[in-house]
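>>> With the input below, show me the fold.
(2 chains)
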Amino acid sequence: MYSEKVMDHFRNPRHAGEIADADGIGKVGNAICGDLMWVYIKVGKNKDGKEILKDVKVKTFGCVAAISSSDVLCDLAIGKTIDEAKQITNQDVLSSIGDMPSQKRHCSVLAASALHKAIQDYEAKKK
Amino acid sequence: MKVYLDNGATTRTDPEVVDIMLPFFTEHYGNASSLHGHGDTAAQALQKARETVGRKINASADEIIFTSGGTESDNLAIKGLAYENKGRKDHIITSKIEHPAVINTCKQLEKEGFRVTYQDVDKEGFINPKDVEKSITDKTFLVSIMHANNEIGTIEPIEEIARICKRHNVIFHTDAVQSFGKVPIDVRQTNIDLLSASAHKIHGPKGIGMLYVKKGVKLQRISDGGGQEFKLRAGTENVVGAVGFAKAVELAKESDCIDMAALRDKLIKGLLEIPDTVLNGPREKRLCNNVNISFKHVEGESLLFMLNDHGIEVSTGSACSSKSLEPSYVLLAIGLKHEVAHGSIRFTLSKYTTEEEINYTIRTVKEIVEKLRSISPLQVE
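Numbering: from 1, shown residues only, chains lettered A, B, ... in the order given. Okay, here's the model as predicted:
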């Protein structure tokens, strides 16, 4: 049912957990529907002085596809500038993870929107 | 360690069943309708199988219709009786927790103009016979209530429901696919008119089941062709399947069920030691091989795949495992919240399940639930 890459990120998620002093948190999903993702971001600066996502972690309640997508999202987002991270879409998650059963694609949408929400949260706090 | 705990889905065919079937592929391959020697051998084997299966529920051989399995038996029972009553009576009573073979057959009949009442169940999955009685009208021709639920193991009070049906002159059908061979059934004592059962749930082969049709109950056939199975089910008889089915019935022992129940209780006790877990379905009047537990704050499909990685095979009522993305309607019918239904796992034992396997399962589930909870945001809420 699932590809090796999906199963790998599910079995050994690299970024599962939370960041205690996170700069932004994005909460999406709904336990009633069976998936919930909380993305935590830590913002730093790169050598050009631009703001980047120094670390991204995620807590997920959900199926194999949800856990796997959220972990892949963290891979994609870490090290990106804020502007680059805003451009990450569910398509990026999907193409990075390989194939996913069609009824599971919404998990990649959740993952991308959790990241966007975390960035919004950070930007709102900054103001 | 490999632990197969999905015997509610299907079971390992007993090697003794396989042994008895094999010669019917290569030597006794005759068509039971043929008049020559091969045909006669097949016809005799079929008759013997019919008697064996009938004896198990105290029915006579000519009340047993062999079918392709539980689903076809349910279709034949419900549609067969509906079409027989067409133009006179139009009302069926069933429950909200029936197998899809019953529910979807009823839904199809609704499209064809029949009316169906789907009875509620209580929080353990029991149907109240009084509710059934209240729903009966002079247009009701059938009550179809399962003997035991496939997801949560509830054994329904079919004796009382059958009595009510008899009193009101309504035909009573029961889907006994999960209970047949595990819970003793006497169709005469219990006044059952129609009963569906399947071979592969009791270590028989897939592709064969039966419908018990009480003498005098008239059904309309739902497929046309030859006159096999008392003109109720056209098509060359599955002799090899019937022979295997009969052997599986012979091998089904009451003591196996007692042993399974002991391991079931051990598994329930062990798993409920994990915090935030609930048993779905009753403690008593529960199938001897069924355990269904919701692990709060985790999702069933994830749990299933992690257990699979550890060699343990189970099933889940989680939405994420279904294409519809809706959780099990049975779990919703007993009042579970969606998020709790998502975390449900069904473990179903067989006579081959060992204590060592149960201990390993308890240990492994504990570890995995802990791991999944550690990455779930739900706990901290």
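
>>> which secondary element of chain B has the worst mean pLDDT?
Across the helices and strands of chain B, mean confidence by mean pLDDT, DSSP states H and E is lowest for helix B:338-341: a mean of 91.

>>> Which helix or strand lies directly C-terminal to that one?
For helix B:338-341, the succeeding helix or strand toward the C-terminus, using DSSP states H and E, is strand B:344-348.

>>> chain center to that next one: distance?
15 Å (CA atoms, centre = their mean, to the nearest Å).

>>> which other residues reach that strand?
B:5-9, B:151, B:267, B:280, B:289-295, B:300, B:303-304, B:307, B:314-318, B:327-328, B:331, B:336, B:361, B:365 (CB atoms under 8 Å, 6 or more residues apart in numbering or on different chains). C-beta here means a position set from N, CA and C on the backbone, and glycine is covered the same way.

>>> Over to stretch A:97-104?
A:1-3, A:5-6, A:9, A:63, A:65, A:68-69, A:72, A:94, A:107-108, B:320, B:323, B:325.

>>> Got a quick ChimeraX command for the buried subset of the residues you listed?
Burial among the contacts of stretch A:97-104 is assessed by 16 or more other CB atoms under 10 Å in any protein chain shown; the matching ChimeraX selection reads:
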select /A:2,6,9,63,65,68,69,72,94,107,108 /B:320,325
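
>>> which ones among the contacts of stretch A:97-104 are found in helices?
The members of those that map onto helices under DSSP state H are A:5-6, A:9, A:65, A:68-69, A:72, A:94, A:107-108.

>>> Would you mind checking which of the residues you listed is nearest to chain B?
A:A65 (7.6 Å; CB to the nearest CB).

>>> What is the burial count for the residue nearest to the closest one when sequence neighbours are not counted?
Nearest residue to A:A65, sequence neighbours excluded (CB to CB, 6 or more residues apart in numbering or on different chains): A:K104, at 3.8 Å. Neighbourhood size, A:K104 [other CB atoms under 10 Å in any protein chain shown]: 24.

>>> buried ones in stretch B:54-67?
Neighbour counts over stretch B:54-67 (16+ other CB under 10 Å) mark B:54, B:56-59, B:63-67 as buried.

>>> Tell me which two of the residues you listed sit farthest apart.
Spatial extent of the buried residues of stretch B:54-67 (CB to CB) is set by the pair B:N58 and B:T67 at 19.8 Å.

>>> Now for the closest residue to A:G62 other than its chain neighbours: which residues touch it?
Of all residues not flanking A:G62 in the chain, A:D35 sits nearest, at 3.5 Å (CB to CB, 6+ apart). By CB under 8 Å, 6+ apart, A:D35 lies in contact with A:29, A:60-63, A:66, A:107, A:110, B:299, B:320.

>>> is A:D35 in a bridge, and if so with what?
A:N30 (DSSP bridges).

>>> how far away is it from B:V243?
The gap separating A:D35 from B:V243 is 48 Å, by CB to CB, to the nearest Å.

>>> Same list, the buried residues of stretch B:54-67, but as a markdown table with pLDDT, distance to chain A and secondary structure please.
Listed next are the buried residues of stretch B:54-67 as a markdown table, based on pLDDT from 0 to 100; distance: CB to the nearest CB, whole Å; DSSP: H, G, I helix; E, B strand; the rest coil:
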| residue | pLDDT | distance to chain A | secondary structure |
| --- | --- | --- | --- |
| B:G54 | 98 | 41 | helix |
| B:K56 | 98 | 37 | helix |
| B:I57 | 98 | 38 | coil |
| B:N58 | 98 | 44 | coil |
| B:A59 | 98 | 41 | coil |
| B:E63 | 98 | 42 | helix |
| B:I64 | 98 | 38 | strand |
| B:I65 | 98 | 37 | strand |
| B:F66 | 98 | 34 | strand |
| B:T67 | 98 | 30 | strand |
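
>>> Could you check how far stretch A:38-45 is from the centre of its chain?
That offset, for stretch A:38-45, works out to 10 Å (CA atoms, centre = their mean).

>>> what about B:P205, distance to chain A?
Separation of B:P205 from chain A (CB to the nearest CB, to the nearest Å) stands at 26 Å.

>>> Burial check on the nearest residue to that residue once chain neighbours are set aside, number of neighbours?
Excluding its sequence neighbours, the residue lying closest to B:P205 (CB to CB, 6+ apart) is B:G244, at 4.3 Å. Per other CB under 10 Å, the neighbour tally for B:G244 reads 30.

>>> my hunch is that B:P275 is in a helix, does that hold up?
No: going by DSSP: H, G, I helix; E, B strand; the rest coil, the assignment for B:P275 is coil, not a helix.

>>> OK, contacts around the closest residue to B:I312 other than its chain neighbours?
Spatially, and ignoring its direct neighbours in sequence, B:I312 is nearest to B:V3 (4.6 Å; CB to CB, 6+ apart). B:V3 sits next to B:311-313, B:353, B:357, B:360-361 when contact means CB under 8 Å, 6+ apart.

>>> now B:V102
B:V102 sits in contact with B:74, B:78, B:94, B:144, B:146, B:175, where contact means CB under 8 Å, 6+ apart.

>>> Counting neighbours, what do you get for B:E124?
B:E124, neighbours per other CB under 10 Å, totals 19.

>>> Which secondary structure state does it sit in?
Going by three-state DSSP: B:E124 is coil.

>>> Could you find the closest non-adjacent residue to it?
In space, B:E124 is closest to B:P282, 4.0 Å off (CB to CB, 6+ apart).

>>> Just list the residues touching the one you found, thanks.
B:124-126, B:153-154.

>>> nearest to chain A, of those residues?
Closest to chain A, out of all of the contacts of B:P282 and judged by CB to the nearest CB, is B:G125, at 21.7 Å.

>>> Verify the stated contact: that closest one with B:R283.
No: the criterion here is CB atoms under 8 Å, and B:G125 misses it with B:R283 at 12.0 Å.

>>> Just give the nearest non-adjacent residue to whichever residue of the stretch 51-200 of chain B sits closest to chain A, would you?
Using CB to the nearest CB, B:E151 is the residue of the stretch 51-200 of chain B that sits closest to chain A, at 17.2 Å. In space, and not counting its chain neighbours, B:E151 is closest to B:V330: 4.4 Å by CB to CB, 6+ apart.

>>> What residues sit buried inside stretch B:137-155?
Quick answer for stretch B:137-155 (16+ other CB under 10 Å): B:140-155.

>>> got it, and stretch B:232-247?
B:232-233, B:237-247.

>>> From the residues you listed, which land in helices?
B:239-247.

>>> Let me have those in CSV, adding pLDDT as columns.
Shown next, in CSV, are these (pLDDT from 0 to 100):
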residue, pLDDT
B:V239, 98
B:V240, 98
B:G241, 98
B:A242, 98
B:V243, 98
B:G244, 98
B:F245, 98
B:A246, 98
B:K247, 98
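
>>> how about the residues of chain B that lie near chain A?
B:297-299, B:301-302, B:305-306, B:309, B:318-321, B:323, B:325, B:327, B:337-339, B:342, B:374-378 (CB under 8 Å from any CB of the partner chain).

>>> Now that we have those, which of them are buried?
Buried, going by 16+ other CB under 10 Å: B:297-299, B:301-302, B:305-306, B:318-321, B:325, B:327, B:338-339, B:342, B:375-378, out of the residues of chain B next to chain A.

>>> Let me know the pLDDT of the residue in chain A positioned nearest to chain B.
Closest to chain B within chain A is A:C63: 3.5 Å, counting by CB to the nearest CB. Listed pLDDT for A:C63 reads 92.

>>> Return the residues in contact with it.
With the criterion set at CB under 8 Å, 6+ apart, A:C63 makes contact with A:34-35, A:104, A:107, B:299, B:301-302, B:318, B:320-321.

>>> center of chain A - which residue?
Nearest to the geometric centre of chain A sits A:L73, at 3.8 Å (CA atoms, centre = their mean).
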